[in-house]
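[1] A predicted structure for the sequence below; I have some questions about it.
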Amino acid sequence: MKHPWRWIIGLLVIGFLIGLAILPGGEKLEFEVAGEFDREVLIELPTIGPFDMSITKTVAYLFIAVAVIVVFTIIVARSLKLKPGRFQYAMEAMYELARDGIVGSVMKSGKATWFPYIGAVFFFVLASNLIGLLPLPFGEHHQPSFYAATANLNVTLMLALCTFVFTHYAGVRKNGAFRYVKAWAPAGAPPVLKQMIWFIHVISEIFRLISLSVRLFANMVAGHAILAVFFAMALIFQSYLVGVALQGASVLIYMFELFVAFIQAFIFAILSAVYIGGALDQDH
Amino acid sequence: MDAEAAKELGKLLGAGLSMGLGAIGPGVGLGIMIGKALESIARQPEVAGDVRTNMFIGIGVTEAVALYAFVVALILIFVA
């Protein structure tokens, strides 16, 4: 035999795997995916009118996202250099993506007016999504757990509502209220058809609100649920072998979730830009 | 089968079916769309940036259909 050590290592690995398979799995834990998304109050605050001002887990995550963006941008802005370092280069690349890739490529007019909003939405959603992939100690009994502010329908609906309001505000301000609403139906259509098209357009405007918010929410919830299921595979199957064997798959899923976090922020920002641009320059 | 068990069975069956059937259409659509986008980039590499941006918009819109099915499944399991 040329390489006996190969056989020895192979036998050791096989023995380890058989041992894992024979050993009984750990204590059976009740695993609830739904528990990942409970509304947990961290600091009780009084209710003002219809609004409960308590700091929940989601609010804490929102604050963290804002703090991360503010700290990072201030650090970069304080130390701008002509020959950028790695960190400055990364921030500049993101800024350029928001300015040229998102606003510059889909909006025709009003780029300078609406870039601040769309850039802010892009960075905010990106930061919230990425923070959701770090285990932070906000779980039960302060265990580290995955959670994202954007995995809460209230947050995404509020963001989509901002885009919705700004879309119509931009359209009315640029074109005037009557002309803006009139342009929802094509000018040359016969009367009854025109009213029907106008009505369908109104419905589609409302569905934009739903699809924009539900897309981000469902993506983040699905991602976190898949991550939770893969990380808890050993508990579900009651076997250490499955747990060890699927660690590679967990890492792959995690990397895919990093990609999804970025893509969803990009899509949210670019669809906001498309909607606002469509309200500014009405073609039909 | 008593009524409670039948309700539970219906919920889980409906959730599984809604997610599985709801993923067929977006899957086919995403495949066609990304394939066409790659084709057009291969044919005209100079418009790759534009094609990619529009492809991502299309991905977002198409993918939302599967996510509606996912939300329906979640509602069936945890709310209904």
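    It's in.

[2] now for the helix or strand that contains residue B:34, which elements pack on it?
    Counting by DSSP states H and E, the element that carries residue B:34 is helix B:24-43. Packing contacts for helix B:24-43, counted by 3 or more Cβ pairs under 8 Å, 6 or more residues apart in numbering or on different chains; DSSP states H and E, involve helix B:48-74. C-betas here are computed from N, CA, C, even on glycine.

[3] Tell me what angle the helix it packs on forms with helix B:24-43.
    Angle, helix B:48-74 to helix B:24-43, by axes from the mean of the first three to the mean of the last three Cα atoms, to 10 degrees: 170 degrees.

[4] quick check, helix B:48-74 touching chain A?
    Yes: residues of helix B:48-74 are located near chain A by Cβ under 8 Å from any Cβ of the partner chain, namely B:49-50, B:53, B:56-57, B:59-61, B:63-64, B:67-68, B:70-71, B:74.

[5] Filter those down to the buried ones.
    Burial by neighbour count, judged by 16 or more other Cβ atoms under 10 Å in any protein chain shown, picks out B:53, B:56-57, B:59-61, B:63-64, B:67-68, B:70-71, B:74 from the residues of helix B:48-74 next to chain A.

[6] Make JSON lines out of those and add pLDDT.
    Below are those laid out as JSON lines (pLDDT from 0 to 100):
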{"residue": "B:53", "pLDDT": "83"}
{"residue": "B:56", "pLDDT": "84"}
{"residue": "B:57", "pLDDT": "83"}
{"residue": "B:59", "pLDDT": "86"}
{"residue": "B:60", "pLDDT": "81"}
{"residue": "B:61", "pLDDT": "82"}
{"residue": "B:63", "pLDDT": "84"}
{"residue": "B:64", "pLDDT": "81"}
{"residue": "B:67", "pLDDT": "84"}
{"residue": "B:68", "pLDDT": "85"}
{"residue": "B:70", "pLDDT": "86"}
{"residue": "B:71", "pLDDT": "84"}
{"residue": "B:74", "pLDDT": "84"}
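
[7] Pull the most distant pair out of those.
    B:53 and B:74 (30.9 Å; Cβ to Cβ).

[8] For residue A:56, give me phi and psi.
    phi -100, psi 180 (degrees, to the nearest 10).

[9] cool, and residue A:52?
    phi -80, psi 120.

[10] is it in a bridge, and if so with what?
    The partner list for residue A:52 in beta bridges (DSSP bridges) reads residue A:47.

[11] how many neighbours does it have?
    12 (other Cβ atoms under 10 Å in any protein chain shown).

[12] Now the most centrally placed residue in chain B: closest residue in space, sequence neighbours ignored.
    In chain B, the C-alpha nearest the mean C-alpha coordinate belongs to residue B:66, at 2.3 Å (Cα atoms, centre = their mean). Nearest residue to residue B:66, sequence neighbours excluded (Cβ to Cβ, 6 or more residues apart in numbering or on different chains): residue B:26, at 4.0 Å.

[13] what's the burial count for that neighbour?
    Residue B:26, neighbours per other Cβ under 10 Å, totals 20.

[14] what's the answer for residue A:170, then?
    Residue A:170, neighbours per other Cβ under 10 Å, totals 21.

[15] before we move on, what about residue A:74?
    10.

[16] which secondary structure element contains it?
    Per DSSP H and E: helix A:57-78 holds residue A:74.

[17] Now do that helix: which elements does it pack against?
    Looks like helix A:57-78 contacts strand A:41-43, helix A:86-96, helix A:111-131, helix A:153-175 (3+ Cβ pairs under 8 Å, 6+ apart).

[18] how big is the angle separating it from helix A:153-175?
    50 degrees.

[19] so who does the nearest residue to residue A:281 once chain neighbours are set aside touch?
    Of all residues not flanking residue A:281 in the chain, residue A:108 sits nearest, at 4.9 Å (Cβ to Cβ, 6+ apart). Applying Cβ atoms under 8 Å, 6 or more residues apart in numbering or on different chains to residue A:108 gives the contacts A:277, A:280, A:281.

[20] Is residue A:108 part of a helix or strand, or is it coil?
    On the three-state scheme (DSSP: H, G, I helix; E, B strand; the rest coil), residue A:108 is labelled coil.

[21] What pLDDT does the model give it?
    Predicted confidence (pLDDT) for residue A:108: 85.

[22] Next: residue A:32.
    57.

[23] Count the residues that sit near the residue nearest to residue A:172 when sequence neighbours are not counted.
    Spatial nearest neighbour of residue A:172, chain neighbours left out: residue A:180 (5.2 Å); criterion: Cβ to Cβ, 6+ apart. When neighbours are defined as other Cβ under 10 Å, residue A:180 has 18 of them.

[24] repeat for the one 10 residues further on
    Residues lying near residue A:190 (other Cβ under 10 Å) number 7.

[25] Repeat that for residue A:122.
    Residues near residue A:122, counting by other Cβ under 10 Å: 25.

[26] Then residue A:90?
    13.

[27] how close does it sit to chain B?
    Note on residue A:90: its distance to chain B, by Cβ to the nearest Cβ, to the nearest Å, is 20 Å.

[28] do the same with residue A:153
    From residue A:153 to chain B the distance is 9 Å (Cβ to the nearest Cβ).

[29] Apart from its chain neighbours, what residue comes closest to that residue?
    residue A:217 (4.8 Å).
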